[in-house]
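Asker: build the 3D model from these lines:
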Amino acid sequence: MKRLYGYVLKTFLGPFFMTFFICVFILLMQFLWKYVDDLVGKGLDWRILAELLFYAAFGLLPFAFPLAMLLASIMTFGELGENYELVAMKSSGISLFRIMKPLIVIAIFITITAFVFANHILPHTNLRFTTLMWSVRQQRPELVLKEGVFTSEIDGYSIRIGHKDKRNNTLHDILIYDHTGNKANESVTVADSGYLKMTEDKNYMVMTLYHGENFSEEEGSMSGNPNSYPFRRDQFDKQVINVRVMNFDFQRRDENIFRNSHRMLNIDQLKFAEDSLMLDYKDRLRNFMLNTRYMSQADKRIYARVLENDTLLGRYQQEEYRVFDYDSLLTSYTDWNMSESVHAALYAARSNYQEINNIENNLYGRKKRINMHMMERHRKYTLSFAVLVFFFIGAPFGAIIRKGGLGMPVVVSILLFISYYIVSMMGEKSAREDVWGMVAGMWFSSLIFLPVGFWLTYKAVTDSPVMSAETYTNLIQRLGLNNLFKKGTRDENTSADQQATVS
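Answerer: You can find the predicted model right below:
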């Protein structure tokens, strides 16, 4: 058995590592497509980009573990079934479950590894990635000049070019507005050609212009007329302008800004944060309920429920609730008293309605933040447990379809993973919006796919022809649908013959 277990492990580990790096690469490409607009045109050093991709790849590992396990298990058992090696093992009296035993141990080990990684390494990786990504987003882009469009990336200047020669980066038909004096369009420069270049330290922009003119309005009036201003016009063959630019160099932000975010915390820190946020949420909700005014009996019952741990208010719980007849009370009032009572009730209702609207968004945001912490804590378990779930789906499924390689397994793995992801997003959204409980919402996908894995394992162990085409052909015949299909085929052939005869 040791040789058999070694052979099964050798057959599995190769596809697993291959598919694992393929999954990381594909997910990393998705990351690049998502954040390409934040990375292009910033003049970032290659070391910054490499560091960002490194942190992003580590952040994608929790999703790569389950997908690699699913694909590798289907490929392994599909290849064993395609080469009739599973048949040989079963004919020797070895059950499929015993063949799967070493891989079950590997799946449990990878599950534990994924959990340890998600709880201890991933929070630090997310902190580094989020801080670096925020720094990149705050980085000012390098000057990118587009034809016919004004660019204001240089502080105090607006630049428009008519044409750009891509062969030598020469600019033609240049128009520059100088706003360094905090005045609107009082200094204008027009040049026939030129080029712009930033210094290596990115502190200065050097503008070299050829064959142009400067137009400027001078301050003060030489003729004594307050509505008359002197105008200056200078021609030049070559002019060099050095402009000081700010915030073009890369600056890293402080990591402490994002340290308390839910994605940067481990399980113990998440529990502590949940308790603190829940206490604050309950205090705000309690104060809101105590400050809202209803009728006297309703106020007392609300106080009793909100302050149920206060022994001094225990008398409110002992009072009997009585149904009050407001109609008889209003009919006993005079018209003036009735009008005053109605207006007072309307005022109280409108005041409560306004107070509820003011506090609703605040409480909703705080409860949503609590839910995000709880979801992140459960996600560390669910993504790790998904490795085990996908093994019990992929291994028996590969033994049933008996197809190895990267063809059918890849298609099946993508379909199963997309289905799992959709179901998982449905559960997470329901949990986030408090439609379902947190445990039910976060573990919904696992509760759906784990029985499917057990069912496939049972079918594979019992050699059930669940994926055989003959099974469904026989089922159609038993249901009497075969004659219906044949009749439809005969009708189509008859109509075709009639059309051929008419022709």
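Asker: only C-alpha atoms for contact and neighbour calcs from this point on.
Answerer: OK.
Asker: pull the helix or strand with minimum mean pLDDT from this protein.
Answerer: Counting by mean pLDDT, DSSP states H and E, the chain has its least confident helix or strand at helix 315-318, which shows a mean of 50.
Asker: is Met207 in a bridge, and if so with what?
Answerer: On the basis of DSSP bridges, Met207 is bridged to Leu196, Ile241.
Asker: quick one: low-confidence parts of the stretch 51-200 of the chain?
Answerer: Counting by pLDDT under 70, the stretch 51-200 of the chain contains low-confidence ranges at 138-144, 153, 181-185.
Asker: that one: helices as residue ranges?
Answerer: 61-82, 85-91, 96-116, 122-138 (DSSP state H, counting those that start in this stretch).
Asker: how about the helices in the stretch 201-350 of the chain?
Answerer: Applying DSSP H, counting those that start in this stretch to the stretch 201-350 of the chain gives helices spanning 267-291, 296-306, 315-318, 326-332, 335-401.
Asker: got the contact list for Ile159?
Answerer: Going by Cα atoms under 8 Å, 6 or more residues apart in numbering, Ile159 touches Phe150, Thr151, Ser152, Ile174, Leu175, Ile176, Tyr177.
Asker: circling back to that earlier point, the helices of the stretch 201-350 of the chain: which one's closest to Ala118?
Answerer: Distance to Ala118, taken as Cα to Cα, is lowest for helix 335-401 among the helices of the stretch 201-350 of the chain, at 5.8 Å.
Asker: tell me the mean pLDDT over the closest one?
Answerer: The average pLDDT within helix 335-401 is 83.
Asker: ok and that helix relative to helix 96-116, angle-wise?
Answerer: In terms of direction (axes from the mean of the first three to the mean of the last three Cα atoms, to 10 degrees), helix 335-401 departs from helix 96-116 by 130 degrees.
Asker: which strands or helices does helix 335-401 pack on?
Answerer: helix 61-82, helix 96-116, helix 267-291, helix 408-432, helix 438-442, helix 444-461 (3 or more Cα pairs under 8 Å, 6 or more residues apart in numbering; DSSP states H and E).
Asker: mean neighbour count, those helices: which tops it?
Answerer: Highest mean neighbour count of the helices and strands packed on helix 335-401: helix 61-82, a mean of 26 (counted as mean count of other Cα atoms under 10 Å).
Asker: okay, the angle between that helix and helix 122-138?
Answerer: Using the same axes, to 10 degrees: helix 61-82 against helix 122-138 is 120 degrees.
Asker: next one: helix 61-82 to chain centre, how far?
Answerer: Relative to its chain's centre, helix 61-82 lies at 25 Å (Cα atoms, centre = their mean, to the nearest Å).
Asker: quick check: the two most widely separated of the contacts of Ile159?
Answerer: Pairwise distances among those were taken by Cα to Cα; the largest, 13.9 Å, belongs to Ser152 and Ile174.
Asker: between those two, who's got more neighbours?
Answerer: Neighbour count, other Cα atoms under 10 Å: between Ser152 and Ile174, Ile174 has more, with 23 against 14.
Asker: how is the chain partitioned into domains?
Answerer: By the record's domain assignment, the chain is partitioned as 2-139+376-461, 157-244, 263-375, 469-502 (automatic domain parsing).
Asker: so which of these comes closest to Glu255?
Answerer: domain 2-139+376-461 (5.8 Å).
Asker: any chance of the helices and strands packed on helix 335-401 in CSV, plus distance to Asn361?
Answerer: Converted to CSV, those look like this (distance: least, Cα to Cα, whole Å):
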stretch, distance to Asn361
helix 61-82, 33
helix 96-116, 35
helix 267-291, 12
helix 408-432, 15
helix 438-442, 21
helix 444-461, 28
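Asker: and Gly6, which of these is closest to it?
Answerer: Among the helices and strands packed on helix 335-401, the nearest to Gly6 by Cα to Cα is helix 96-116 (8.5 Å).
Asker: give me the residues contacting that closest one.
Answerer: 4-5, 8-9, 12, 62, 65, 69, 86, 90, 380-381, 383-388, 391, 395, 460-461.
Asker: try stretch 396-410
Answerer: Taking Cα under 8 Å, 6+ apart as the rule, stretch 396-410 contacts 71, 73-82, 86, 453, 456-457, 459-461, 463, 465-467.
Asker: coming back round to it: hey, which of the domains of the chain is tucked in deepest?
Answerer: Here the criterion is mean neighbour count by mean count of other Cα under 10 Å, and of the domains of the chain the winner is domain 2-139+376-461, at a mean of 19.
Asker: for Leu122, give its distance to Phe58.
Answerer: Distance from Leu122 to Phe58, counting by Cα to Cα, to the nearest Å: 7 Å.
Asker: hmm, back to that, now render the helices of the stretch 51-200 of the chain as JSON lines, adding distance to Leu277.
Answerer: Output for the helices of the stretch 51-200 of the chain, formatted as JSON lines (distance: least, Cα to Cα, whole Å):
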{"stretch": "helix 61-82", "distance to Leu277": "27"}
{"stretch": "helix 85-91", "distance to Leu277": "55"}
{"stretch": "helix 96-116", "distance to Leu277": "25"}
{"stretch": "helix 122-138", "distance to Leu277": "20"}
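Asker: of these, which is nearest Leu44?
Answerer: When the helices of the stretch 51-200 of the chain are compared by Cα to Cα, helix 122-138 sits nearest Leu44, at 8.2 Å.
Asker: which elements pack onto that closest one?
Answerer: Applying 3+ Cα pairs under 8 Å, 6+ apart, one finds that helix 122-138 contacts helix 2-39, helix 46-59.
Asker: switch to 10 Å and redo it
Answerer: Helices and strands touching helix 122-138, by 3 or more Cα pairs under 10 Å, 6 or more residues apart in numbering; DSSP states H and E, are helix 2-39, helix 46-59, helix 96-116.
Asker: save those as CSV, and put in distance to Tyr204 too.
Answerer: What follows is these, written out as CSV (distance: least, Cα to Cα, whole Å):
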stretch, distance to Tyr204
helix 2-39, 22
helix 46-59, 22
helix 96-116, 49
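Asker: just put the helices of the stretch 201-350 of the chain in a markdown table and tack on distance to Val412.
Answerer: Below are the helices of the stretch 201-350 of the chain laid out as a markdown table (distance: least, Cα to Cα, whole Å):
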| stretch | distance to Val412 |
| --- | --- |
| helix 267-291 | 34 |
| helix 296-306 | 54 |
| helix 315-318 | 61 |
| helix 326-332 | 67 |
| helix 335-401 | 9 |
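Asker: for Met133, which of the ones you listed is the nearest?
Answerer: Here helix 335-401 is closest among these (Cα to Cα), at 20.4 Å.
Asker: tilt between the closest one and helix 267-291?
Answerer: Angle, helix 335-401 to helix 267-291, by the same axes, to 10 degrees: 160 degrees.
Asker: any regions of the stretch 401-503 of the chain where pLDDT drops low?
Answerer: With pLDDT under 70 as the threshold, the stretch 401-503 of the chain has low-confidence stretches at 464-503.
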